[in-house]
Structure formats: structure tokens, C-alpha cells
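A.B. asks: Sequence isn't available, so here's the structure alone:
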């Protein structure tokens with residue numbers, strides 16, 4: 001009895017920590033919704049690359065900055081068109097709404113070339129940025145905070161992008177403990193696409209970056225105290241939004257306090273819900289067990 005009580009105490013104390021972490025629970029591409037696999041669970045068909053832990057990626061040079069904690073290839077590919085909305089719904093470790101509320105959201109894409117992205121190794125891929133979001137208003141809340149209500153983060157596939165096989169990578173950078181080096185928490189997620197259309201837009205060579213490789217732990221947007229001076233301009237880490245991307249003239253890597261044209265909003269929630277209900281691919285019935293961080297796994301007897 002005493003042993004059981006002692007074992008239960010650390011689990012209780014760590015539950016808020018687990019809930020504070022999270023993963024990409026689902027994504028809607030155009031009108032089709034895909035559910036992500038629970039981290040470290042037996043995988044089923046989806047377009048979201050599965051991670052094995054809800055903990056954040058720590059360190060700008062961490063190999064898992066690419067697509068998330070030990071991310072694995074997904075079996076499926078989503079059909080998409082230029083101008084489609086991609087709605088990323090992030091959840092916490094208990095499958096509730098995302099809880100972090102301070103930090104930017106950034107979106108990258110990479111070409112898988114002639115092969116399907118379901119077999120593409122993204123570890124050496126060259127990425128270009130298509131979107132970035134910071135604070136909604138100068139000194140105000142961050143766009144990330146709107147996901148605390150369960151809203152998705154909506155991103156638009158560039159309307160003029162060349163057709164092909166792409167991975168779209170959505171990234172949340174939680175900055176609540178970023179006042180010290182290594183404190184920033186990275187949450188990347190990768191979704192496999194095949195984009196149609198007749199566009200010709202492509203990034204230039206100098207707009208392509210490696211992930212990891214594009215950031216440093218001392219970048220001003222990564223080593224930063226976002227609470228002491230909320231009115232200060234925020235400097236987005238990484239490259240500028242690629243020049244060919246339409247509708248992102250305000251989204252650059254120069255100091256900015258506002259959100260880009262892909263702003264998450266309550267109206268975006270409504271449109272995403274409509275798209276979800278109109279999905280041409282039935283969502284699976286999914287039972288999501290509570291997920292455990294590496295810390296908690298070490299506390300549970302095997």
C-alpha cells in the first residue's frame with residue numbers, strides 16, 4: 001500500500017506538465033480532415049508524420065527539430081490545390097486544447113521531388129518559409145493563444161505555387177521560459193501533400209534553409225524575455241517568407257509585432273468546422289489514451 005501511494009505521488013505532480021506539452025491532433029487540407037496518430041501508439045493511415053513523445057524539442061540544433069520527436073513517415077498523402085487552407089489543430093498531452101500562449105507560429109514547405117512524400121527522407125531537405133505569426137496586436141496576445149479555445153491555426157498554401165509533392169511543416173515555438181538559453185520549446189509537425197494546379201512559384205536558392213540549421217539558441221527570437229517588454233518588436237527566427245508567396249507582404253523575418261495574412265481567428269474556426277463536416281474521407285473513430293512524457297514513463301513500473 002505504501003509503495004503504491006509513493007508511486008502515485010510523482011505521477012500526480014507531473015500531470016500538469018504533461019498536459020502542457022502536446023502534438024498535432026488533426027489537420028484539415030481543403031475540405032478533407034485527417035486525424036493524427038497518438039504519439040508512440042500503433043500507427044494507422046494518416047498524412048501526419050507520427051512522433052513518439054509529447055515533450056517539446058529542445059535546442060536549435062536538435063535533429064528532431066525537423067519534423068518532431070523521432071517523427072516517422074506517414075502512409076498517406078493529402079491532395080491539395082494552390083490557395084487551399086490547411087487548418088492545424090494542436091492538442092495538449094491529455095487531448096484537450098493547446099495550452100501554451102506565448103510565442104510565434106511559423107510554416108515551412110519542402111519539395112519531395114518526383115517521389116511521393118510518403119517515402120521522402122526530410123532530414124536533409126531544403127525548406128522555405130510560407131507564413132509566420134506573432135502577436136495579434138503590438139504588445140497584445142500572441143496568435144498562438146487563440147488555439148487555447150480549440151481553434152485551429154489556418155495557413156494558406158501559396159496560390160501560385162508550382163505543382164508537386166510537398167511536406168508542409170507547422171511549427172510552434174513556446175517562449176514562456178525562453179529568458180535563458182535553451183529554454184525555448186519547439187513543436188514541429190509535418191504533413192504530406194500532393195499539390196496540383198498550374199502555378200510556377202518556387203523559392204530562390206538563398207531562401208532555402210536546413211532544419212535544424214536555420215536557427216541558433218541565441219537568436220533574438222529564441223533567447224528572449226517576452227514578458228518584461230511586451231511592446232518590443234519580435235524578430236522571427238529563420239529566413240524571410242519566400243518572395244513568390246502571394247498575400248504575405250507583411251510577413252517577413254524583420255522585426256514585427258503583428259500576425260501575417262494567415263491569421264487564426266474565430267471566423268477561421270467556423271470555416272474549418274464546415275470543412276471538417278464536409279470531409280470526403282470519413283474520420284476514423286479514435287480512442288486517444290493519455291500520453292506520457294519520457295519523465296513519467298520512467299516513473300511507471302514496467
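C.D. replies: Cool, the structure landed. All figures in this text were calculated on a predicted structure; none of them were measured in a lab.

A.B. asks: Just the terminal-to-terminal distance for stretch 109-117.
C.D. replies: Stretch 109-117 has an end-to-end distance of 12 Å (C-alpha to C-alpha, to the nearest Å).

A.B. asks: er, stretch 173-191 I mean
C.D. replies: 18 Å.

A.B. asks: In that stretch, which of the residues would be classed as buried?
C.D. replies: Neighbour-count burial for stretch 173-191 flags 173-175, 178, 183-191 (criterion: 16 or more other C-beta atoms under 10 Å). For the C-beta atoms, the positions are set from N, CA and C on the backbone; glycine is no exception.

A.B. asks: Kindly provide the whole-number mean pLDDT of it.
C.D. replies: For stretch 173-191, mean pLDDT rounds to 99.

A.B. asks: same question, stretch 40-60
C.D. replies: What stretch 40-60 shows for mean pLDDT is 97.

A.B. asks: right, and the pair among the buried residues of stretch 173-191 with maximum separation?
C.D. replies: Taking C-beta to C-beta as the measure, the buried residues of stretch 173-191 span a maximum distance of 27.4 Å, between 183 and 191.

A.B. asks: so where do the strands sit in the stretch 151-300 of the chain?
C.D. replies: All strands of the stretch 151-300 of the chain, identified by DSSP state E, counting those that start in this stretch, fall at 153-156, 164-174, 185-195.

A.B. asks: how about those, which one is nearest residue 113?
C.D. replies: When the strands of the stretch 151-300 of the chain are compared by C-beta to C-beta, strand 164-174 sits nearest residue 113, at 6.8 Å.

A.B. asks: Return the list of strands paired to that closest one, each annotated with direction.
C.D. replies: strand 105-113 (antiparallel), strand 185-195 (antiparallel) (DSSP bridges).

A.B. asks: What ranges in the stretch 151-300 of the chain fall below the confidence cut-off?
C.D. replies: Along the stretch 151-300 of the chain, segments meeting pLDDT under 70 span 246-300.

A.B. asks: right, and the strands paired with strand 164-174 - which one's nearest residue 233?
C.D. replies: Closest to residue 233 of the strands paired with strand 164-174 is strand 105-113 (C-beta to C-beta; 16.4 Å).

A.B. asks: got the buried residues for that closest one?
C.D. replies: Buried, per 16+ other C-beta under 10 Å, within strand 105-113: 105-112.

A.B. asks: got these as JSON lines, with pLDDT and distance to residue 145 columns?
C.D. replies: Formatted as JSON lines, the buried residues of strand 105-113 follow (pLDDT from 0 to 100; distance: C-beta to C-beta, whole Å):
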{"residue": "105", "pLDDT": "99", "distance to residue 145": "11"}
{"residue": "106", "pLDDT": "99", "distance to residue 145": "16"}
{"residue": "107", "pLDDT": "99", "distance to residue 145": "18"}
{"residue": "108", "pLDDT": "99", "distance to residue 145": "22"}
{"residue": "109", "pLDDT": "99", "distance to residue 145": "25"}
{"residue": "110", "pLDDT": "99", "distance to residue 145": "28"}
{"residue": "111", "pLDDT": "99", "distance to residue 145": "32"}
{"residue": "112", "pLDDT": "99", "distance to residue 145": "33"}
